[in-house]
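[1] Sequence first, predicted coordinates after that:
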Amino acid sequence: MLYTGRGFFLLLLCLVLGREAAQAQGPTPPLAQVAAVRDSIGRLLVAEPRRDTTRVGRLNALSFILRTNEAPQSQYLARQALALAQQLHFSKGLLDAHFNLGYYFRACNQYDSAIYYSRKALDMSMRIQSRYTQTRAYYNLTRIYTEQGNYAAALGPSLDGLALAHTIHNARAELFQLVQVGRIELALGDYAAAYTHVIEASRLIAAAHDPLGTGYVYFGLGDISREQGQWLAARRYYVRAETNWRLVYNAHGLLPIELSKAEMTDRLGDHLAARGAAYGLLRRAQATGGTPEQVTRATLLLAQTWLATARPDSARYYAARSLAASLPAHLRPAIRDAAQVLAQASDQMGKGHDAYRYQALASTYADSINGEATRRRAAALQTQAARSQQQDQIILLRQQARLQTQQQELQHLRYRQGAAALVGLALVVLAAGGYGLWRYRRRETLRQEALRTRIAADLHDEVGSMLTQISMQSTLLREGRYAPAQQQAYLDQMADASRRAARQMSDAVWSIDARYDSAASLLDRLRDHAHEVLPPAGLELDFAAEPAVATAPLPLATRQALYYIYKEALHNVVKHAQARQVRVRLRLLGQQLELLVHDDGRGLPTAAGRPGGQGLRNMRMRAQAVGGVITFAAAAPGTSVVVHLPLG
């Protein structure tokens, strides 16, 4: 049988993605072929319902293909792949599912979940040595931090991803990393360095052979020209980016680049053309479920075109709509720009009081944005300088090592000459050291005894009871008195108790492991535990911590107490609260760390209505043991648990 070029490509791609369960990690297929590939993999999923690793691969491949044009379906497929891969203990499937979920949450601006899944993907890719996927995880983390404005955090994964992409000689990965480095430098105001990196990426277009990457290069060049006020050049680059992205994106995926192109049209003075484009883009954003940012951009562009054509009444109408849409989404640049248009339109209409009020609002947001941008740029520059200094120190250490090798003979001779003096000094030091060691060991002995007592109590109360339960149930099963169905139920209970005992043992080991003795490690542990227990119970998580918490000095006792109180609080929410959402906040209050866990459930039960349990009492005892306090308060709706623990 003869195939056309396109037919052969479709057949080959379906075989690779479907029958071999390979992941769609390379260039994005053209939009004209996505539907055919999607239908082919869909038919394979229906025709072969076996729950094996091949099915995990197909689910992940289809999720990746649909990640931009059909984001909700992509998330649904990735979650199916994740659940099945967990059951099968399939590492590669877990890696790709976590990566796809990280990409989805980043596109939805849900950055906390995006960071969680992207970090998981990065850790897994390092563990199984999937170096290409590791570069993709670095890139996704860089995009997340850049979109948050956290340029200091973005620098590390950006440079690490670029170095790895260059090492594995992958032109596509290197192209995306170079453009992202350029975008960070653009945000830091270094236009020359940004342009150099994006131009370097453009030289990889032919080798990458990917319209998505080609469009990303031109999009980066357009943003650089835009920041420098070169409106015509920016529009030309945006047009070239749009031409390439039309091959892979549908109407929803093209909204951001078309909005940028229309904004440049307005900047060039063609207000009527920009207005016509803005009307169409606004309708498309509303019809296809566009993000709040896309809706506010289109509405604001309409307001600006009406203002430029001396129609302040229409400008005021659309600017008010843009302001109303951007306020609940906390889009501060959009709020500033909409307020500025409202001030100008009100002034032209003779409404001086409104003009003054909107101008004050615009100035407030402008000051806030500029101040925060300055702080973020300063932090990024400090990180960049520290990284450069670290590299310089490595070079210096290597030079010092070579010099030390050359001086070994001279040092040996000097050691001989001073042997007598060193022996005497050694005796003095030994005596002082022995006394210091004795005191240190005595303190360590007392500290370890207290620590062993606490760990023994925890293991006895929690792990011991679970192991006792497993022992009793296994004895009953060994006697063979129960029907098969009841035996299976007991086996399920034993398996669940074993898993809980393993988790409690892991928590006890983690709480004393010096490798995790930092506030940043505690935050990761708190976030991971919340993602493990809340989503499976149908609860939404809103987790946030002040940046200063990650660098705060944290005593071991405080870390242990906070973690166990936090676990008990989440357990109570899942078991008793009947809530839909849990909000977690951490912040510093002087020399204290504050933890807030709030749910929107049914609130605290009355003392008479609570049948038993030691959870709240144990939480209070743990807080008091380290000199802290804990309060439980009813909040309409739900319950708030507030913990204050000392840092010193």
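    Thanks, I have it.

[2] What segments of this structure are strands?
    Counting by DSSP state E, the segments of the chain that form strands are 540-545, 581-589, 592-599, 629-634, 639-646.

[3] OK, contacts around the most centrally placed residue in the chain?
    Geometric centre of the chain, nearest residue: Ile115, 1.0 Å, by C-alpha atoms, centre = their mean. Ile115 makes contacts with 102, 141, 144, as judged by C-beta atoms under 8 Å, 6 or more residues apart in numbering. Every C-beta, even on glycine, is put in place using the N, C-alpha and C of the backbone.

[4] same question, Ala334
    293, 296-297, 300, 322, 326.

[5] ok, so of those, who is nearest Arg240?
    The nearest member of the contacts of Ala334 to Arg240, counting by C-beta to C-beta, is Arg297 at 20.6 Å.

[6] Skip the chain neighbours and tell me the closest residue to Leu254.
    Distances taken as C-beta to C-beta, 6 or more residues apart in numbering put Trp245 closest to Leu254, at 6.1 Å, once the chain neighbours are dropped.

[7] follow-up on the earlier one: can you redo the strands of the chain as TSV with distance to Leu259?
    Shown next, in TSV, are these (distance: least, C-beta to C-beta, whole Å):
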stretch	distance to Leu259
strand 540-545	29
strand 581-589	32
strand 592-599	37
strand 629-634	45
strand 639-646	41
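
[8] so of these, which one's packed in deepest?
    Comparing the strands of the chain by mean neighbour count (mean count of other C-beta atoms under 10 Å), strand 592-599 comes out on top with a mean of 21.

[9] State the mean pLDDT of it.
    Throughout strand 592-599, pLDDT has a mean value of 93.

[10] Dump stretch 531-545 to PDB, restricted to CA.
    Output of stretch 531-545 as PDB, limited to C-alpha atoms (Å, rounded to 0.1, in the frame of the first residue of the first chain):
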ATOM      1  CA  HIS A 531      -1.200  18.000  48.400                       C
ATOM      2  CA  GLU A 532      -1.100  14.300  49.500                       C
ATOM      3  CA  VAL A 533      -4.100  14.500  51.900                       C
ATOM      4  CA  LEU A 534      -6.400  17.300  50.700                       C
ATOM      5  CA  PRO A 535      -7.000  16.800  46.900                       C
ATOM      6  CA  PRO A 536      -7.800  13.000  47.400                       C
ATOM      7  CA  ALA A 537     -10.400  14.000  50.000                       C
ATOM      8  CA  GLY A 538     -12.000  16.500  47.500                       C
ATOM      9  CA  LEU A 539     -10.600  19.600  49.200                       C
ATOM     10  CA  GLU A 540      -9.000  22.700  47.500                       C
ATOM     11  CA  LEU A 541      -5.700  24.000  48.900                       C
ATOM     12  CA  ASP A 542      -4.700  27.600  49.100                       C
ATOM     13  CA  PHE A 543      -1.100  27.500  50.500                       C
ATOM     14  CA  ALA A 544       1.100  30.600  50.900                       C
ATOM     15  CA  ALA A 545       4.200  31.600  52.900                       C
END
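
[11] residues making contact with it?
    Stretch 531-545 has contacts (C-beta under 8 Å, 6+ apart) with 112-113, 116, 523, 526-527, 530, 570-571, 573-574, 579-587, 599.

[12] if we go to 10 Å?
    For stretch 531-545, the surrounding residues in contact (C-beta atoms under 10 Å, 6 or more residues apart in numbering) are 79, 83, 112-113, 116-117, 120, 503, 519-520, 522-523, 526-527, 530, 567, 570-571, 573-575, 577, 579-588, 593, 595-596, 598-601.

[13] gap between it and the chain center?
    14 Å (C-alpha atoms, centre = their mean, to the nearest Å).

[14] Looking at stretch 266-283 now, give me its mean pLDDT.
    94.

[15] List the buried residues of that stretch.
    By neighbour count on 16 or more other C-beta atoms under 10 Å, the buried set for stretch 266-283 is 266-267, 271, 274-275, 277-278, 281-282.

[16] Filter these down to just the ones in helices.
    266-267, 271, 274-275, 277-278, 281-282 (DSSP state H).

[17] Tabulate those (a markdown table), appending distance to Gly627.
    A markdown table is the format used below for these (distance: C-beta to C-beta, whole Å):
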| residue | distance to Gly627 |
| --- | --- |
| Asp266 | 60 |
| Arg267 | 60 |
| His271 | 65 |
| Ala274 | 62 |
| Arg275 | 64 |
| Ala277 | 63 |
| Ala278 | 59 |
| Leu281 | 58 |
| Leu282 | 57 |
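
[18] Show me which pair in the residues you listed is furthest apart.
    Of all pairs in those, the most separated under C-beta to C-beta is Arg267 and Leu282 at 18.5 Å.

[19] residues in contact with stretch 232-244?
    198, 205, 210-228, 230, 249, 254, 256-265, 267-268.

[20] Okay, buried residues for stretch 302-313 please.
    302-307, 312.

[21] ok, those vs Ile335, which is closest?
    Nearest to Ile335 among the buried residues of stretch 302-313, counting by C-beta to C-beta, is Ala303 at 13.0 Å.

[22] wouldn't Val181 be in contact with Ala193 here?
    Yes: counting by C-beta atoms under 10 Å, Val181 does reach Ala193; the two are 8.6 Å apart.

[23] These two: who's more crowded?
    With neighbours defined as other C-beta atoms under 10 Å, Val181 and Ala193 compare such that Val181 has more, 25 against 15.

[24] Pull the contacting residues for the closest residue to the more buried one other than its chain neighbours.
    Nearest residue to Val181, sequence neighbours excluded (C-beta to C-beta, 6+ apart): His197, at 4.9 Å. Shown in contact with His197 (C-beta under 10 Å, 6+ apart): 162, 177-186, 190, 220.

[25] Going by neighbour count, which of the contacts of Ala334 are buried?
    By 16+ other C-beta under 10 Å, those give 293, 296-297, 300, 322, 326 as buried.

[26] Adding pLDDT, write these out as JSON lines.
    Formatted as JSON lines, those follow (pLDDT from 0 to 100):
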{"residue": "Glu293", "pLDDT": "87"}
{"residue": "Thr296", "pLDDT": "92"}
{"residue": "Arg297", "pLDDT": "91"}
{"residue": "Leu300", "pLDDT": "94"}
{"residue": "Ser322", "pLDDT": "91"}
{"residue": "Ser326", "pLDDT": "88"}
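
[27] Find the nearest non-adjacent residue to Ala154, please.
    Tyr145 (3.7 Å).

[28] now that neighbour: how far from Ala633?
    Noted for Tyr145: a distance of 35 Å to Ala633, by C-beta to C-beta, to the nearest Å.
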